[in-house]
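Chemist: with the sequence up front, the predicted model follows.
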Amino acid sequence: MSGPFTIGVDFGSESARALLLDVGNGREIGIAEMAYPHGVITDRLPGTDLRLPPEYALQDPQDYLTTLATTVRKVIAESGVTPDAVIGIGIDFTSCTMLPVTADGTPLCRLPQFAAEPHAWPKLWKHHAAQDQADRVNALAVERGESFLQRFGGRISSEWLIPKSLEILEEAPHIYRAADRLIEAQDWIVWQLIGSEVRSIAGAAYKATYLPDAGGYPAREFFGQLDPAFADVADTKLGRDFCVPGDRVGDLTGAMAQQLGLATGIAVAAPNMDAVVSVSACGVAEPGAMVMVMGTSTCDFVLGPDFVPVEGSCGAARDVVTPGLWAFEAGQNAVGDMFGWFVREVLPERLTREAQQDGVSVFEHLESLAGQQVPGEHGLLALDWWSGNRSVLVDTGLSGLVIGLTLGTAPEDIYRALLESTAFGTRRIVEAFTDAGVVIDRLVACGGLPRKSPLLMQLCADITGLEVAVVDSRQIPARGAALHASVAAGPEQGGHASIAEATATLASPLHTTYRPDPAGSLGYQEIYHDYVALHDYFGRGGDDVMRRLKRRRNDAVATANGPTERNRP
């Protein structure tokens with residue numbers, strides 16, 4: 001065993017995983033994964049009877065620390081690598097996942113007086129209860145002609161930090177006042193590792209409307225018009241000092257080293273978003289490729305030489321991935337989550353038994369059945385909005401749709417329609433970029449989903465007309481975090497001098513490439529045009545029935561559940 005080694009820890013939506021990487025040759029030595037003990041909190045807060053309102057998605061910050069220590073210790077123990085051979089650690093996180101904390105970094109939900117307060121808990125990226133606040137932010141930004149909207153494709157999402165922070169102020173002002181800092185979970189974890197607060201420029205630029213090259217945050221007057229008590233949020237709750245990807249932001253403290261089973265003082269890399277570190281781990285450093293980080297949702301990243309407004313993009317920042325290039329973000333809110341919902345809630349027991357008899361998972365069984373069909377055979381069309389639309393409509397008030405159901409519709413028909421809707425959504429995102437002049441000539445897929453679903457990859461190739469390269473590593477975000485840790489450690493400790501140098505050595509090789517099938521591409525052309533027609537009708541104001549339905553559902557659930565955070569006396 002050679003080395004030296006770094007550790008990358010990827011905090012996903014439902015679990016964390018630690019990857020041990022040999023930075024000399026790019027070999028993955030070991031991986032350890034652990035589910036969050038409390039998972040995603042959507043019904044009741046732990047230890048309370050208070051029901052949460054619809055659209056809530058919270059987490060327990062102690063779960064982050066528990067999975068961090070457990071996975072790092074496990075990957076070291078199982079690898080046989082000695083702790084003194086590890087030169088650095090890096091982390092990445094889903095974003096925007098944010099939490100209110102005290103001046104010393106204590107999460108408010110860990111304080112007894114706030115333990116039963118939902119707004120004191122971390123809000124996961126898919127906490128969508130701040131849509132009203134996002135709508136007001138967008139309307140005011142249009143009224144004032146705020147320049148930040150261009151960076152976000154014309155609208156910011158309820159998933160982002162400013163709407164979530166405003167939600168806390170308006171629905172729990174005492175929590176807002178008690179919070180000395182409102183911070184991304186990625187930044188908070190690194191704070192725990194080094195003992196001092198740091199902020200990632202990527203998190204600020206993509207999730208907090210911060211423009212590094214154009215005056216930073218919106219003006220105090222903008223925030224004040226949203227709410228007078230919100231005027232000073234940037235300076236009192238967020239801060240303006242940022243680290244950049246690859247920075248060594250500090251050394252691992254003795255207390256954390258003891259918890260993790262590592263050596264005190266090793267390099268800790270700047271915190272980062274999962275999708276940002278994935279671009280380098282996929283070996284993409286130039287324009288042309290759209291990197292798709294595919295899991296519960298999909299985050300897309302595209303590089304370009306110049307900034308151009310792209311409808312419905314999730315943000316754009318320069319120098320975050322490759323020096324001198326802009327990196328544009330987009331994505332789809334429900335991908336793996338949507339397929340998981342179907343198997344969990346809809347799949348008949350008959351197919352589960354068939355899968356068990358064949359010795360395969362239900363997903364593999366569904367893929368086998370759905371893969372026997374040709375375009376249009378099932379007669380269905382779906383909109384992939386099970387958790388709203390991230391790009392290009394940027395609206396979590398939207399919901400999913402399957403049209404064309406008959407008494408002859410089979411489960412595998414619906415499953416294939418959901419796979420196709422994901423590929424249709426991908427093509428719509430690609431076209432938003434290319435219509436704006438951003439070059440996309442291939443797709444690079446990574447994350448947990450691409451290796452599990454060859455059919456989805458082929459559908460993406462057929463429907464977009466682009467080659468889809470699937471990388472070999474199944475843990476690309478964790479690999480990217482470990483790559484960044486190598487840069488933080490630097491060449492003097494056996495690491496790398498720059499992200500570009502580390503990418504050349506540590507990027508994952510490719511697993512396989514899917515090429516468009518001419519017959520499949522032709523067969524989907526007309527169906528895609530029907531998808532766009534439904535997309536625009538339900539998403540651009542042809543009929544707001546989806547939003548009305550969701551409002552009725554939320555009101556009915558709130559009435560049935562009794563007192564919640566929003567309606568309790």
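Modeler: Perfect, I can see it now. Not measured: the values here are computed from a predicted model.
Chemist: now do the nearest residue to residue 85 once chain neighbours are set aside against residue 201, distance only.
Modeler: Excluding its sequence neighbours, the residue lying closest to residue 85 (CB to CB, 6 or more residues apart in numbering) is residue 3, at 4.7 Å. For glycine as for every other residue, the C-beta is placed from the backbone atoms N, C-alpha and C. Taking CB to CB, to the nearest Å as the measure, residue 3 falls 30 Å from residue 201.
Chemist: re earlier: per-residue pLDDT, the residue nearest to residue 85?
Modeler: pLDDT, residue 3: 88.
Chemist: now do the contacts for it.
Modeler: Contact analysis of residue 3 by CB atoms under 8 Å, 6 or more residues apart in numbering lists 22-24, 81, 85, 494.
Chemist: same check on residue 454?
Modeler: 367, 514.
Chemist: count the neighbours of the nearest residue to residue 36 once chain neighbours are set aside for me.
Modeler: The shortest distance from residue 36 to any non-neighbouring residue, by CB to CB, 6+ apart, is to residue 63 (3.9 Å). A count of nearby residues for residue 63, using other CB atoms under 10 Å, gives 21.
Chemist: check residue 478 too.
Modeler: Residue 478 has 35 nearby residues by other CB under 10 Å.
Chemist: in terms of contact, does it touch residue 12 like I think?
Modeler: No. Shown here, residue 478 and residue 12 do not form a contact pair, counting by CB atoms under 8 Å, at 9.4 Å.
Chemist: restricting to C-alpha, output whichever strand or helix holds residue 258 in CSV.
Modeler: Assessed by DSSP states H and E, residue 258 sits inside helix 254-260. Taking Å, rounded to 0.1, in the frame of the first residue of the first chain, the C-alpha atoms of helix 254-260 are listed here in CSV:
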residue,chain,number,x,y,z
GLY,A,254,-7.4,17.4,18.7
ALA,A,255,-10.9,16.8,19.9
MET,A,256,-12.2,16.0,16.4
ALA,A,257,-9.1,13.9,15.5
GLN,A,258,-9.9,11.8,18.6
GLN,A,259,-13.5,11.3,17.5
LEU,A,260,-12.6,10.4,13.9
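Chemist: now residue 119: how far from residue 492?
Modeler: From residue 119 across to residue 492, the span is 45 Å (CB to CB).
Chemist: and for residue 312?
Modeler: Look at residue 312 and residue 492: by CB to CB, they are 44 Å apart.
Chemist: compare those two (neighbour count), which wins?
Modeler: Each of residue 312 and residue 492 has its neighbours counted (other CB under 10 Å); residue 312 has more, 23 against 8.
Chemist: what is the burial count for the residue nearest to the more buried one when sequence neighbours are not counted?
Modeler: Of all residues not flanking residue 312 in the chain, residue 392 sits nearest, at 2.8 Å (CB to CB, 6+ apart). When neighbours are counted by other CB under 10 Å, residue 392 registers 25.
Chemist: residue 392: which element?
Modeler: Using DSSP H and E, residue 392 sits within no helix or strand.
Chemist: surely residue 165 touches residue 182?
Modeler: Yes. Applying CB under 8 Å, one finds residue 165 in contact with residue 182, separated by 5.0 Å.
Chemist: what do the two both touch?
Modeler: Common contact partners of residue 165 and residue 182 (CB under 8 Å, 6+ apart): 98, 233, 237.
Chemist: where are the low-confidence patches of the stretch 251-400 of the chain?
Modeler: Judged against pLDDT under 70, the stretch 251-400 of the chain has no low-scoring part.
Chemist: what's the closest non-adjacent residue to residue 66?
Modeler: residue 37 (6.5 Å).
Chemist: I'd guessed that neighbour sits against residue 60; true?
Modeler: Yes. Applying CB under 8 Å, one finds residue 37 in contact with residue 60, separated by 7.4 Å.
Chemist: so those two - more neighbours on which side?
Modeler: Legend: neighbour count by other CB under 10 Å for residue 37 and residue 60, higher for residue 60 (20 against 11).
Chemist: measure the more buried one to residue 156 for me?
Modeler: In this view, residue 60 and residue 156 are 27 Å apart by CB to CB.
Chemist: residue 27 now?
Modeler: For residue 27, the distance to residue 156 equals 41 Å [CB to CB].
Chemist: more neighbours: those two, which one.
Modeler: Comparing residue 27 with residue 156 by other CB under 10 Å, the one with more neighbours is residue 156, at 25 against 13.
Chemist: quick check: that one vs residue 247, distance?
Modeler: Distance of residue 156 to residue 247, given as CB to CB: 26 Å.
Chemist: now the strands for the stretch 101-250 of the chain?
Modeler: In the stretch 101-250 of the chain, the segments counted as strands under DSSP state E, counting those that start in this stretch are 181-184, 248-251.
Chemist: and the first one, C-alpha only, in CSV?
Modeler: In this case it means strand 181-184. What follows is strand 181-184, C-alpha atoms only, in CSV (Å, rounded to 0.1, in the frame of the first residue of the first chain):
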residue,chain,number,x,y,z
ARG,A,181,-25.5,32.7,12.3
LEU,A,182,-27.6,31.2,9.5
ILE,A,183,-25.2,28.8,7.9
GLU,A,184,-24.9,26.1,5.2
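Chemist: quick one: contacts of the very next helix or strand once past the helix holding residue 258?
Modeler: Note on helix 254-260: by DSSP H and E, the next helix or strand toward the C-terminus is strand 267-269. Contacts to strand 267-269, defined as CB under 8 Å, 6+ apart, come from residues 87-91, 190, 193-194, 246-252, 481, 484-485, 487-490, 493, 495.
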